[in-house]
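**Student:** fold the following and give me the result.
(chains A and B)
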Amino acid sequence: GAVVSQHPSWVICKSGTSVKIECRSLDFQATTMFWYRQFPKQSLMLMATSNEGSKATYEQGVEKDKFLINHASLTLSTLTVTSAHPEDSSFYICSAAQPRDTHYEQYFGPGTRLTVT
Amino acid sequence: TQLLEQSPQFLSIQEGENLTVYCNSSSVFSSLQWYRQEPGEGPVLLVTVVTGGEVKKLKRLTFQFGDARKDSSLHITAAQPGDTGLYLCAGARRGSTLGRLYFGRGTQLTVWP
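**Tutor:** Modelled structure (predicted):
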């Protein structure tokens, strides 16, 4: 159980275009999902918290107009990188929070490698 | 500044050796999770510790949560090349967004045959 999928697994786009990344929890419902960015050989950097039915909460320094997040259902959150530039090239990973008896656990998708040319 | 200080950042050892990775903080966590990540993939949850002083074992991996719930360690016995990867500790704090985790910087482990 607790499987999270992400699509696409990699994408190459031209500078100025927009790219949408989907994150789905396959076998559980997730009120809260998270979007991270990861640079090579570094830890995860939280970009935003996606809440079903409400606006996302962005971390300091993350442009909400550039990284649009929509959490339309309990199993799907999307991240749209608008007007992408080469500096947006990175590994983007989503996770979904699953409640347990006393805590929540995050389960991660396989990631999306974005390359902007 | 990092809420969770993870050390060492890099570890390169021979097959069969033992190792310990540490995560320390001045903050109290309601739970702490350990993940392992391979290149080009998402992190995979190894274990969650919740109770102060808790010890959990997963084959050759032993996880411990400090009594005060401010620190944790991961000990690997007789490391194997298949243990190679990025190990991440992550803690949850009371009062934070439900499910939100604070990650350490990670430990890149390489085990040579």
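**Student:** leaving out the residues flanking it, which one is nearest to residue B:23?
**Tutor:** Taking CB to CB, 6 or more residues apart in numbering or on different chains, and ignoring the residues beside it in sequence, residue B:23 has residue B:89 as its nearest neighbour in space, at 3.7 Å. The way it works is simple: take the backbone N, C-alpha and C, and place the C-beta from them, glycine included.
**Student:** and the one you found, bridged to which residues?
**Tutor:** Listed by DSSP bridges, the beta-bridge partners for residue B:89 are residue B:34.
**Student:** and for it, the neighbour number?
**Tutor:** By the other CB atoms under 10 Å in any protein chain shown criterion, the neighbourhood of residue B:89 contains 32 residues.
**Student:** what parts of chain A come near chain B?
**Tutor:** A:2, A:4, A:6, A:31-32, A:34, A:41-44, A:46, A:49, A:57, A:91, A:93, A:95, A:97, A:99-100, A:102-111, A:113 (CB under 8 Å from any CB of the partner chain).
**Student:** just the residues you listed: which are in strands?
**Tutor:** Among those, the members falling in strands are A:4, A:6, A:32, A:34, A:44, A:46, A:49, A:57, A:91, A:93, A:95, A:97, A:99, A:104-108, A:113 (criterion: DSSP state E).
**Student:** which ChimeraX command selects the buried ones in these?
**Tutor:** Selecting in ChimeraX just the buried members of these, where the criterion is 16 or more other CB atoms under 10 Å in any protein chain shown, is done with this command:
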select /A:4,6,32,34,44,46,49,57,91,93,95,97,104,105,106,107,108
